[in-house]
Structures are given as structure tokens and as C-alpha cells.
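A.B. asks: Structure for the following, please:
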Amino acid sequence: MGGFLHLRYMRLLWIALLILLSSSLLAQQSYLYLNKIGRTTKVKFFEQELIRLRLKGDEFFVSGRITGFDKDAIKVSGVVIPITEIKSIDIRDKNFSMFSFRSTPGKLAFAGYGYTAIDWFNRRVVAGEVGSGVDMRVASVSTGLIGTSYLLKALRKKYFTVGGRKVLAIINTNYSTCS
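C.D. replies: Okay, here's the model as predicted:
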């Protein structure tokens, strides 16, 4: 009998936890959305994130913390900046995954590490060689692939310049139907 009551309370606890977590997922959140039309990579800046941007007519970047969003403006450290006045945004510090299969550096790094792992598996498991050293040809090809991937990551575009196919928008994820 005690086990049955315990099971009932656990189900109730899971239902309460699900309701609590789902309500936090439905909260309104706005973000600055950077997208190049035709590309799969999209960059988002959320509230309380640091941002470096350059305004039209300025030659230097200004930085600050995003404190809020309006319909067509962003508040950076309390200063309202219309998104039409933003010329470029520094995206060097955004966290792009090195091992994403969508990017060329990610594919090269995966190929380098994978080539080494496959060679190791073939030598140890398939051929049964014990104590065999590293093949220098495999090591040089893998090192070249991995080095090229890190070099391409270091040389990637560091600024998002608005205009042409590059779109800058403020997205509001307000799920309520009432105004």
C-alpha cells in the first residue's frame, strides 16, 4: 500500500514540475537577430549580453550591455539605438561551434580526428598489431586537416555589416493573444 501512494505522489510531482517548466518556456523574450539570407547560420543577441556595434557615420565601435528592446530599436546601456542606424556588429566573441557539420572548419576538424581514429581502429582491432606506433603519413594528414580547420576559424568574418542580403531585425516571442 505504501508503494502505491509513493507512486501517486511521484506522478503528481512530475506533473507539477512539467507545468512549472512549461510556463517558464512560454515567457516573452526578445532578441536581436542577424541573418544572411540563404545561409543557415544565424546570430542572436539576447538581453543582458555584451555587444560591440558601429553606427552609421562613426568610425569606431561602441560597446555595452543590451538592456532592452523596443519595436525597432535596441537599448544598449540605457541608450536607445534604432536598428536602422547600426552599420556593423562585432561577432568575434559569439560562440560558434568549431565542430558544427554546417561549417567547413568543423568538417575538416572532424575529418582529421576521424582519420586518426579509423587508422588506430584498423591497426589495433582489425589487423591485430600490438604496440604499433603512429603512422607518420596518417599523423601528417590529420595534423594538416585539423590545422587548416583552426586556421579557417581564425580567418573567418569577424563583423556583420548590415545591408544587401544581410538582415538585422528584432524578434519578439510573445505568445499571448491578448494585447
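A.B. asks: can you list the domains in the chain?
C.D. replies: Using automatic domain parsing, the domain parsing of the chain gives 38-91+158-173, 104-154.
A.B. asks: Adding mean neighbour count and mean pLDDT as columns, could you present the ones you listed in JSON lines?
C.D. replies: Any C-beta I mention is one placed from the backbone N, CA and C, and that applies to glycine too. Compiled in JSON lines, the domains of the chain are given as follows (neighbours: other Cβ atoms under 10 Å; pLDDT from 0 to 100):
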{"stretch": "domain 38-91+158-173", "mean neighbour count": "14", "mean pLDDT": "85"}
{"stretch": "domain 104-154", "mean neighbour count": "14", "mean pLDDT": "85"}
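A.B. asks: Would you mind putting those into JSON lines with distance to L20 alongside?
C.D. replies: What follows is the domains of the chain, written out as JSON lines (distance: least, Cβ to Cβ, whole Å):
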{"stretch": "domain 38-91+158-173", "distance to L20": "19"}
{"stretch": "domain 104-154", "distance to L20": "36"}
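A.B. asks: Ok, which of those domains comes nearest L18?
C.D. replies: Closest of those to L18 is domain 38-91+158-173, at 20.4 Å (criterion: Cβ to Cβ).
A.B. asks: all strands for the chain, in order.
C.D. replies: Ranges of strands within the chain are 30-36, 42-46, 50-55, 62-69, 73-76, 79-82, 86-90, 159-161, 166-172, based on DSSP state E.
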